[in-house]
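Asks: this one's sequence-less:
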């Protein structure tokens, strides 16, 4: 791949993923230094020229989410003022994606605010994966490529779940039904749904299974696992309904709060997450965790974007 007019920069949120991406592209990460002043201000120095270059900045919305977002905005702006030809923000996990609608009075639509901030900073293009709601793409005035983890999930199921041909794909809530039915159709499997009633945000009071899992392996699929309360309860509901085993496959493993303890204490056989968020250090505490590497999809989308090729091929195929 020609390296004369492409520069790939990485923020501090997920350097391991950035290294995997550039390794697949056969180029080096560009030099950038991100530091903090003693008053916690973020300072960025781009260590090489980006004038008239095609710049890709890799930064995931995870861990210290506000610091990482600010870091990304400053890096975009630094490249903009240094006359970069085009700046693409590669954001494997879009920050604040769950705040995408006004679900109660006086609630902010923070995902739209983040989209505005990225545009004002100078982003010309955004590459992300499995947005919490795909209509977030409409919050932007610039092109957004929303990549899908589905091809990688299909591959994982076929290669790592021996009983997959007699499994049932289960959505832990109504919102994820579309994702689960799409997977079930591709694998020619049955589909079930869990209806959950919430007392308040992040707290589920009751779960009802719609569908049949008796004597079958249940594969729970979702776009995001945060505190894992839903997954733990859903797995228990499935086992109570005589499923033989329960796997959970999630695109973004936020795994915050007591998530690892919840997984360890649950009836889940395995929780599979992609590496859009770093979690290698969490595997030592939680042996049930497994990883799907999605760096190839991001690497290929960067290559195709840079060369002016179609990215839509990646929506249904592995890179």
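Replies: Received, thanks. Source: prediction; values computed, not measured.

Asks: any weak-confidence spans in this protein?
Replies: 1-4, 198-205 (pLDDT under 70).

Asks: same thing but at 80, please
Replies: In the predicted model of the chain, residues 1-4, 196-205, 319 satisfy pLDDT under 80.

Asks: now the strands for it?
Replies: Here the chain has its strands, by DSSP state E, at 6-10, 32-36, 42-46, 54-58, 86-91, 125-129, 144-147, 167-171, 190-200, 203-210, 217-225, 245-253, 270-274, 289-292.

Asks: the first one pairs with which strands, parallel or anti?
Replies: Meaning strand 6-10. strand 54-58 (parallel) (DSSP bridges).

Asks: now the angle from the strand it pairs with to strand 86-91?
Replies: Put simply, strand 54-58 runs at 20 degrees to strand 86-91, going by axes from the mean of the first three to the mean of the last three C-alpha atoms, to 10 degrees.

Asks: from the chain's centre, how far out does strand 54-58 sit?
Replies: 18 Å (C-alpha atoms, centre = their mean, to the nearest Å).

Asks: same question, stretch 73-82
Replies: Worked out by C-alpha atoms, centre = their mean, stretch 73-82 lies 24 Å from the chain centre.

Asks: picking up where we left off before, just send the strands of the chain back as JSON lines, with distance to residue 80 too.
Replies: Every C-beta, even on glycine, is put in place using the N, C-alpha and C of the backbone. Below are the strands of the chain laid out as JSON lines (distance: least, C-beta to C-beta, whole Å):
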{"stretch": "strand 6-10", "distance to residue 80": "13"}
{"stretch": "strand 32-36", "distance to residue 80": "14"}
{"stretch": "strand 42-46", "distance to residue 80": "11"}
{"stretch": "strand 54-58", "distance to residue 80": "9"}
{"stretch": "strand 86-91", "distance to residue 80": "6"}
{"stretch": "strand 125-129", "distance to residue 80": "13"}
{"stretch": "strand 144-147", "distance to residue 80": "18"}
{"stretch": "strand 167-171", "distance to residue 80": "41"}
{"stretch": "strand 190-200", "distance to residue 80": "41"}
{"stretch": "strand 203-210", "distance to residue 80": "42"}
{"stretch": "strand 217-225", "distance to residue 80": "30"}
{"stretch": "strand 245-253", "distance to residue 80": "28"}
{"stretch": "strand 270-274", "distance to residue 80": "30"}
{"stretch": "strand 289-292", "distance to residue 80": "34"}
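
Asks: distance to residue 183 and mean neighbour count added to those, as TSV?
Replies: Below are the strands of the chain laid out as TSV (distance: least, C-beta to C-beta, whole Å; neighbours: other C-beta atoms under 10 Å):
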stretch	distance to residue 183	mean neighbour count
strand 6-10	31	24
strand 32-36	38	14
strand 42-46	39	16
strand 54-58	27	26
strand 86-91	24	25
strand 125-129	16	22
strand 144-147	16	20
strand 167-171	5	25
strand 190-200	8	15
strand 203-210	17	14
strand 217-225	6	24
strand 245-253	9	25
strand 270-274	13	24
strand 289-292	13	17
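
Asks: great, nothing more from me.
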